[in-house]
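Chemist: The amino acid sequence is not available; the structure is as follows:
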């Protein structure tokens, strides 16, 4: 195996969490540098032979927001929104 991919997300408790695609490897760290070191250690523990030489980290950040700042409240405002070019 030449490469392993980790999905990295921000933890609800602070710091970061990482999980490997296709392998049962999970780890966490307070900083990105600590996470990198913990990933190296987890790989070393998981693979006895043929450990991957490259680690690829995919950062995922989920963000939710409203599509409109203000929703139309009157019939006239609703009709004027139909004329907006998207």
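Modeler: Yep, it's here. None of these values were measured; they are calculated from a predicted model.
Chemist: now residue 18: how far from residue 11?
Modeler: Distance, residue 18 to residue 11, using CB to CB, to the nearest Å: 10 Å. For every residue, glycine as well, the C-beta is placed using N, CA and C.
Chemist: same check, this time on residue 38
Modeler: From residue 38 to residue 11 the distance is 12 Å (CB to CB).
Chemist: And for residue 19?
Modeler: In terms of CB to CB, residue 19 sits 12 Å off from residue 11.
Chemist: what about those two, which has more around it?
Modeler: Set residue 19 next to residue 11 and count neighbours by other CB atoms under 10 Å: residue 19 wins out with 16 against 13.
Chemist: Let me know the pLDDT of the closest residue to the more buried one other than its chain neighbours.
Modeler: With CB to CB, 6 or more residues apart in numbering as the measure, residue 26 is the residue that lies nearest to residue 19, at 4.9 Å, once sequence neighbours are left out. The model reports residue 26 with a pLDDT of 98.
Chemist: And for residue 34?
Modeler: 98.
Chemist: give the contact list for it.
Modeler: residue 15 (CB atoms under 8 Å, 6 or more residues apart in numbering).
Chemist: Which SSE is immediately downstream of the host helix or strand of it?
Modeler: Using DSSP states H and E, residue 34 maps to helix 32-46. Toward the C-terminus, helix 32-46 is succeeded by strand 54-60 as the next helix or strand (DSSP H and E).
Chemist: Not counting its own residues, what contacts that next one?
Modeler: 2-9, 18, 36, 39-40, 43.
Chemist: Now neighbour count too, for the residues you listed, in a markdown table please.
Modeler: As requested, the contacts of strand 54-60 are exported to a markdown table (neighbours: other CB atoms under 10 Å):
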| residue | neighbour count |
| --- | --- |
| 2 | 7 |
| 3 | 9 |
| 4 | 21 |
| 5 | 15 |
| 6 | 23 |
| 7 | 13 |
| 8 | 19 |
| 9 | 15 |
| 18 | 24 |
| 36 | 18 |
| 39 | 21 |
| 40 | 13 |
| 43 | 18 |
